Structures are given as C-alpha cells and as structure tokens.
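>>> okay, here's the prediction I keep looking at, along with the sequence it came from:
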Protein chains: 2
Amino acid sequence: MKEEKASSRTEIGTLGEFGLIERITSQHQTIHHSTIAGVGDDAAVLDNGDRYQLISTDLLLEGIHFDLMYHPLKHLGYKAVVVNLSDICAMNGKPTHITVSIGLSNRFSIEAVEEIYEGIYAACRQYDVDLIGGDTTSSRQGLVISVTAIGEVEKEEVVYRSGAKDGDLVCITGDLGAAYLGLQLLEREKQLYLDNPEIQPDLEEQSYVVGRQLKPEARTDIIDLFRKSNFRPTAMIDISDGLASEIFHICQASNCGVLLEEAMVPLRDESQLLALKFQLDPITTALSGGEDYELLFTAPITDLELLKRMPGIYIIGEIKNAAFGKKLLTTGGNHHDLKAQGWAHFEK
Amino acid sequence: MKEEKASSRTEIGTLGEFGLIERITSQHQTIHHSTIAGVGDDAAVLDNGDRYQLISTDLLLEGIHFDLMYHPLKHLGYKAVVVNLSDICAMNGKPTHITVSIGLSNRFSIEAVEEIYEGIYAACRQYDVDLIGGDTTSSRQGLVISVTAIGEVEKEEVVYRSGAKDGDLVCITGDLGAAYLGLQLLEREKQLYLDNPEIQPDLEEQSYVVGRQLKPEARTDIIDLFRKSNFRPTAMIDISDGLASEIFHICQASNCGVLLEEAMVPLRDESQLLALKFQLDPITTALSGGEDYELLFTAPITDLELLKRMPGIYIIGEIKNAAFGKKLLTTGGNHHDLKAQGWAHFEK
C-alpha cells in the first residue's frame, strides 16, 4: 500500500518515446511462426496463410492529441480511424477492419457520443472498413480513443521501413506542413476566443490548412495506384511526426543516410504564406510539423520514369550511404544536418 | 469554436454501457466476407481461411478499473493482458498475439514503466502470446492501458453467446465472488491507510481473495481440457461483470431463460467468511461481483457424464425457455428473479 516509489528513478523524458519503446521491447522474443514482424514498424505483420495480415494501434488522449475546443466530435472520430488506416497504407497494405475503444466522462451526452461514431462510421464507409468490436467505459479524466486497425497485403507486396538502398529516390505523396499550420491557427483562434468570447473566428480563408488538421485522409488511393502501376516501394512510412523524424526512421531501419532537397519538398502556397505570417520557416513546418498522413517512400532509380508518370508523387531527395549522414540541401545551396524533432510529448 | 452543445441532450446513464453500444452499433452493416461476427460477443470473429481469428480489446483507465494505491504496476500489466486473453477463451479459442498501448504521465519513471511491462511480458510467457505492437504516449490524466488480443480457433470449435438451448446445463469453471471481495478488502485497507499512514495492512490471511483481484488468470487450461475431452460448449462468456450480468448476456443472445441454483454456485470458504464480515450476502458477491474471469458456459444434458468427469467444472443451473424468465433458486427453496447489475460505470 504505497505510492509508486523506485530505488533509482529515471525520467521518461531522458529517453523520449522511441527510446522508451526500444528499451522496453528489446528483450522480448516472439515465439509464434505466424509473427513475421512485431514492434518497430508502422504495423505488425502476421502470416495468415495466403496473405500477410497487418495490425496497427493508436491511442488518442484529450489534451495531448486533440482539444475539444476546436476538434469537432465527428471529425475527431473520423481522424482517430484515419491515422490508424494510414499505418496500414505505410506497409503497402489496405485496411479491412477496425476496433474502437472509447473512455467517456459523464459530461458527454449520448448525442455527443453518436457524433463521434458518425465520424467513425463515415471513415468506415470511405475506406471500406468494418468496425468489428471495441470497449466503452467511463473516464474520470478526459476523452480517450483507442483504435486498432487490421489490414492485408499480398506477401510479395509488403513494404517495411528497412528496405531503402543507397541511390534510391525519396518520394512523398503530397504537400506537407499544412496540418501543423492548421493546428497553429486553431490554437491562436482558441486563445483569441478565450480572451474575448465575442470574437468569432474567421477560418474561411484558411479552410485548406484547417481541413488538413481536422480531417486528414489515409492514402489508400496511392496503394491502389502502386498496384495498378505494378510498382512497389523499397521502404515506406507515413507522415505522422514530420518529414525529418520519419526519414530518420527509414534511415535507421535501412542503415543508410539521406539527402533531402528543400526546393523539392512540396508546400502549398497557402501554407507558405501562413508560415511566414506565423514567422515560421516554411520548410520547418514540413520537416517537423507532422500529421499530414502522406506516404514517404523510397524507390529504385530504375523506377524514375514510372514515378514521373504517377500523378501527385514528388521526388524530394536521394538515399545515401550511412556514412553520408542525414542532410538537407537548402535552397541557398548549403548542406544542413537534418534534425528529427517530431512529437516529443515526454520531453515537455 | 465552442464547448460541446447539443440541441437535445440525453445522459449516458439513461442507457448504460450495453444500451449505448447497442444504440451506436445497430445501424452499422459490415461489408467484408471475412467478417463472421462483429460487435456483440466477447471477441470479433474473422475468417482467415483455415481457421477463425478472434479479436478482442479492452480499455483500462486509472480511477475506473484500477487504483495505483493498491494495484502494483507489475500485476496491473499482467492483469491488463489477462482480461483480454480471457475474452479469447470465452470464444473457445486460444490467444496468440497482443498489442498494448499505454498513456503515461510524467510522474512515471522509466523504472515504473518497466515494471508494467514486466507484468505484460510475464503474461506473454505464461500464455505463449507474442507482443507485436502498440503505442506509447504521454497522458495529462491518469494511466491508460489499452490491450488488443488476437487468438484463433478451429472453425467448427468457435462458441458464441447465442447457442444455449432449453434444457442445457449451465456450468462455471471455478469459484466466484473472491475477486470482488479482494477489491473490497483493498479499498478498506486503503481508507485505513489514508486515515493513518502508520497502520500497515495485514492481508496475509486474505491472500486468496487479494490474489484473485490483483492477479487473475485466463482459463486457457480449460480450453485445452475441452479439446482433450472432445467437448464443445453450446454458449460461453467470461465472468468480467458478475455471474448475473453474464448469464443475462447468454440468455439475451440465445433467446432463452435460466434457473440458477444458489446452493450450486461455488464460493470458497474464505470468500463466504469475508462476505459475512463485510455484511454482504455471499451469493450477491458471486452474482454481482465480477472480475473472477472464470468461464460460464452451457452444455447439452447429454454431456452430463462427461462434464462430471472434468476436474473443476461446476454445474450451477439449467437453461429454460424465454417465457420462464431468469431465476435463482435460493437455498431456502424460493425462486427469485435474477437482477443483472454488473459494472455500471455510467450510472454513477
């Protein structure tokens, strides 16, 4: 009968999320032959006979991942599903099923819960996914949403983070930075509203960046495009934490370096303008912003012509050997070392 | 930009957890041929070719499902896994894989997180289960643990809640009430400690009930016994919410009634004595206590001799037709209507 007390205490912030996961899981040996890949990629891979099954899970907590002041409940339900489906796409697979667990405080009415589920079901319809289970409980704290996504991929089509090779092209499926800028905008409007509730927010002009934050999409269309084009990436990951953090994961898993070209990283005009308005360097919003849920992948140089013909694919750099390091070629022609920041919840 | 506001507001407490789930999920149609069973049983059932895959998920929240004042972190990790594995057993299957997501506040040290995972891995070893993924995030509120369990079962062996038939025997795999009594004891000791931290708790004599609360087990051994005995229940569920609530689920899914015999419900001597000490009716701790994680199942009367030869199986009643209702034959010879209470988080 005592409060948590340890003889020696190490703060979680000293390791960060990925260090913590590494420390916790490094000792664990899997025993089932069906376990092809466990912790350490966007999704786990299980062998179910004909195909591989993909399993991914995310925990979304109020006050950390969302703010009910500006995340409408329906969008929140939609987004909670989408961020998990995106992980399935990152393995080059298509999602098939989800489970959703929700912890709710008494301040939620049934109508509010139904709004969350409207968003969840809208995502199910959008992505042809079955909701097959979950758990519903009360919460003494904030809203808790835990989603597990299940998907599938042909065995020869599965893509890990670890397959990038020296000389491969680095590609991205869409513009970056907007989701982060949308969040900054919503945060600013929240502060203005809290200071003076008479002020009504004007987000009309910024509907693109706000939409990227509130209603992201999973790029299942890209997975279809890859199949149709008979193309398979050598490595892939989705942009949840920011371009720099994600390319670091690929480089670490593939034991390689990278050179990204600032001028090639796609940013929409409205993102560029808004970044400057917020006195942010636009490229920083792409490198460290996150939540764009685009797919970052690598491909052999021999696929260059094929990639050029694919709509909406941007080539933004090149995989190098590990000794090269991880660098950004700026528009000014300088080489800067890339820094992986991403979300660092524990370091706050 | 506004706080949650709905034109008409219905409190969640008016529906309860199961009413809420029913209301939310009743409109949803599944589309994948592989989806054999979705929401509404202990686990979802997916067709993966040779076998059925079982998927179950539970969300455990500090202050609702556990209290860190008396749930040691290692036990908590173990229990979080076990309650999910128990759901797989309730479908007559064996667990194979789990994912674990954890939300942690800064007050946790790395050593504390490692203690939780020691318990998680101990459960993995105990039940031959692979930990294949998860999510780790910070939490502004309390500790959050979300586990998804994956299991498998031969197609012809799967058991739902819906298969009970008039005349079937109702059976339980072990004694009931102890986990609830263990919780009462720990709660009392906590209050004593809070009132006077000098008082050291003496739980030695009550190690059985405390153990049932803090370190429950999933009855995979019973599933093995069923296979070895060439026996398959007609319906099954695990005791998470209490005997009365669970038999209600079977009766509802199977469209039948039931007669339970108080005298046949197994309670250990120490549970009986402790119940009386707490001025509780012992049978009430079995009917409404919950968290024993024993398996409650039904079987054809033709299996009576087989069941009698199985160690640790108690026959506690008989399935009746729906018109009979749900009744308890008391030791005094009276018929009482059963009341399903179970956990009712939302009604508090």
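Great, that's in hand. Numbers count the residues shown, from 1 in each chain, chains lettered A, B, ... in the order given.

>>> up against chain B, what does the stretch 151-300 of chain A have?
Counting by CB under 8 Å from any CB of the partner chain, the stretch 151-300 of chain A comes close to chain B at A:Glu189, A:Lys190, A:Tyr193, A:Gln200, A:Pro201. C-betas here are computed from N, CA, C, even on glycine.

>>> which among those residues count as buried?
By neighbour count, with 16 or more other CB atoms under 10 Å in any protein chain shown, those hold A:Glu189, A:Tyr193, A:Pro201 as buried.

>>> right, and chain B sits closest to which residue of the stretch 1-150 of chain A?
A:Gln141 (2.9 Å; CB to the nearest CB).

>>> could you check the pLDDT of that residue?
Looking at A:Gln141, its pLDDT reads 77.

>>> where's it, which helix or strand?
Using DSSP states H and E, A:Gln141 sits within no helix or strand.

>>> how far away is it from A:Thr10?
Counting by CB to CB, to the nearest Å, the gap from A:Gln141 to A:Thr10 is 25 Å.

>>> ok, now which ones touch A:Asp269?
Contact analysis of A:Asp269 by CB atoms under 8 Å, 6 or more residues apart in numbering or on different chains lists nothing.

>>> phi and psi next, for it.
phi -50, psi -40 (degrees, to the nearest 10).

>>> check A:Leu259 too.
Dihedral angles (degrees, to the nearest 10) for A:Leu259: phi -120, psi 110.

>>> how many other residues sit next to A:Glu291?
22 (other CB atoms under 10 Å in any protein chain shown).

>>> what are the phi and psi angles of it?
phi 70, psi 20.

>>> and it, what does it touch?
Per CB under 8 Å, 6+ apart, neighbours of A:Glu291: A:Ala179, A:Tyr180, A:Leu183, A:Arg212, A:Gln213, A:Pro216, A:Ile239, A:Ser240.

>>> swap in A:Gly317?
A:Leu169, A:Val170, A:Ile247, A:Val258, A:Leu259, A:Leu260, A:Glu261, A:Met264, A:Leu329.

>>> over to A:Ile145?
A:Leu59, A:Leu60, A:Leu76, A:Gly77, A:Ala80, A:Val100, A:Ser101, A:Ile102, A:Gly103, A:Ile116.

>>> and A:Ala43, by the same measure?
Residues in contact with A:Ala43 (CB under 8 Å, 6+ apart) are A:Leu54, A:Ile55, A:Ser56, A:Asp87, A:Ile88, A:Ala90, A:Met91, A:Gly93, A:Ala149, A:Gly151, B:Gly133.

>>> return the set of residues that bridge with the second one.
Right, the one you point to is A:Ile55. Here A:Ile55 sits in beta bridges with A:Ala44, A:Ile150, going by DSSP bridges.

>>> burial of it, as a residue count?
Neighbour count of A:Ile55, defined by other CB under 10 Å: 25.

>>> related to what we said a few turns ago, just give me the closest of the residues of the stretch 151-300 of chain A next to chain B to B:Asp292.
Here the nearest of those to B:Asp292, counting by CB to CB, is A:Lys190; it sits at 46.7 Å.

>>> now what about stretch A:63-73, what contacts it?
A:60, A:62, A:76, A:79, A:112, A:115-116, A:119, A:142-143, A:186-187, A:189-190, A:193, A:214, A:345, B:1-4, B:103, B:137-141.

>>> redo that, cut-off 6 Å
Contact with stretch A:63-73 is made by A:Leu76, A:Ala112, A:Glu115, A:Ile116, A:Gly142, A:Leu186, A:Lys190, B:Met1, B:Ser138, B:Arg140, as judged by CB atoms under 6 Å, 6 or more residues apart in numbering or on different chains.

>>> could you double-check that A:Ala90 lies in contact with A:Ala235?
No. Using CB atoms under 6 Å, A:Ala90 makes no contact with A:Ala235, being 9.9 Å away.

>>> between the contacts of A:Ala43, which is nearest A:Leu307?
A:Ala90 (17.8 Å).

>>> so for that closest one, what's the pLDDT?
Predicted confidence (pLDDT) for A:Ala90: 97.

>>> picking that back up, so which of the contacts of A:Ile145 are in strands?
In this view, the contacts of A:Ile145 that belong to strands under DSSP state E are A:Leu59, A:Leu60, A:Val100, A:Ser101, A:Ile102, A:Gly103.

>>> what's the closest of those residues to A:Phe278?
Within the ones in strands among the contacts of A:Ile145, the smallest distance to A:Phe278 is 25.1 Å, found for A:Leu60 (CB to CB).

>>> from A:Val81, how far off is the closest residue in space to the closest one that isn't next to it in sequence?
In this structure, A:Leu60 finds its nearest non-sequential neighbour in A:Ile145, 4.4 Å apart by CB to CB, 6 or more residues apart in numbering or on different chains. To A:Val81, A:Ile145 is 9 Å away according to CB to CB.

>>> for A:His65, same thing?
14 Å.

>>> which one of the two has more residues nearby?
A direct count of neighbours by other CB under 10 Å for A:His65 and A:Val81 places A:Val81 higher, at 28 against 21.

>>> returning to that earlier point: the contacts of stretch A:63-73: which two are farthest apart?
Once CB to CB is applied, these give A:Glu115 and B:Ser138 as the farthest pair, at 26.3 Å.

>>> shouldn't A:Leu59 be in contact with B:Val100?
No. Using CB under 6 Å, A:Leu59 makes no contact with B:Val100, being 9.8 Å away.

>>> ok, A:Ile116 - how many residues close by?
Neighbours of A:Ile116 (other CB under 10 Å): 24.

>>> quick one: contacts for it?
The neighbours of A:Ile116, taking CB under 6 Å, 6+ apart as the test, are A:Leu73, A:Gly77.

>>> try it again at 8 Å.
A:Leu73, A:Lys74, A:Leu76, A:Gly77, A:Ile102, A:Ile145 are the contacts of A:Ile116 under CB under 8 Å, 6+ apart.

>>> same list, these, but as a markdown table with pLDDT please.
Conversion of these to a markdown table gives the following (pLDDT from 0 to 100):
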| residue | pLDDT |
| --- | --- |
| A:Leu73 | 95 |
| A:Lys74 | 96 |
| A:Leu76 | 96 |
| A:Gly77 | 96 |
| A:Ile102 | 95 |
| A:Ile145 | 96 |
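
>>> of these, just say which sits nearest to B:Leu295.
Nearest to B:Leu295 among the contacts of A:Ile116, with distances taken as CB to CB, is A:Ile102, at 26.8 Å.

>>> tell me the bridge partners for the closest one.
Beta-bridge partners recorded for A:Ile102 (DSSP bridges): A:Thr136, A:Ile145.

>>> that one contacts B:Leu59, correct?
Yes. Here A:Ile102 reaches B:Leu59: they are 7.4 Å apart, a contact under CB atoms under 8 Å.

>>> need the overlap of contacts for those two.
A:Asp135, A:Thr137, A:Val144, A:Ser146.

>>> surely the third one touches A:Val100?
No. Taking contacts as CB under 8 Å, A:Val144 lies outside contact range of A:Val100: 11.1 Å.

>>> higher neighbour count, these two?
A:Val100 (29 against 24).

>>> excluding residues flanking it in the chain, which one is nearest the more buried one?
A:Gly134 (4.3 Å).

>>> ok, residues contacting the strand or helix carrying A:Ile247?
Using DSSP H and E, A:Ile247 sits within helix A:243-254. Applying CB under 8 Å, 6+ apart, the set of residues contacting helix A:243-254 from outside is A:40-41, A:160-165, A:170, A:172, A:176, A:235, A:237-240, A:256-258, A:260, A:265, A:286-288, A:290, A:296, A:298, A:317, A:319, A:322, A:326, A:338-343.

>>> skipping adjacent residues, who's closest to A:Phe231 in space?
In space, A:Phe231 is closest to A:Leu306, 5.9 Å off (CB to CB, 6+ apart).

>>> A:Thr99 reaches A:Gly134, doesn't it?
Yes. At 4.8 Å, A:Thr99 counts as touching A:Gly134 under the criterion of CB under 8 Å.

>>> wait, doesn't A:Leu329 sit right on A:Ile283?
No. Using CB under 8 Å as the test, A:Leu329 is too far from A:Ile283 to be in contact (11.1 Å).
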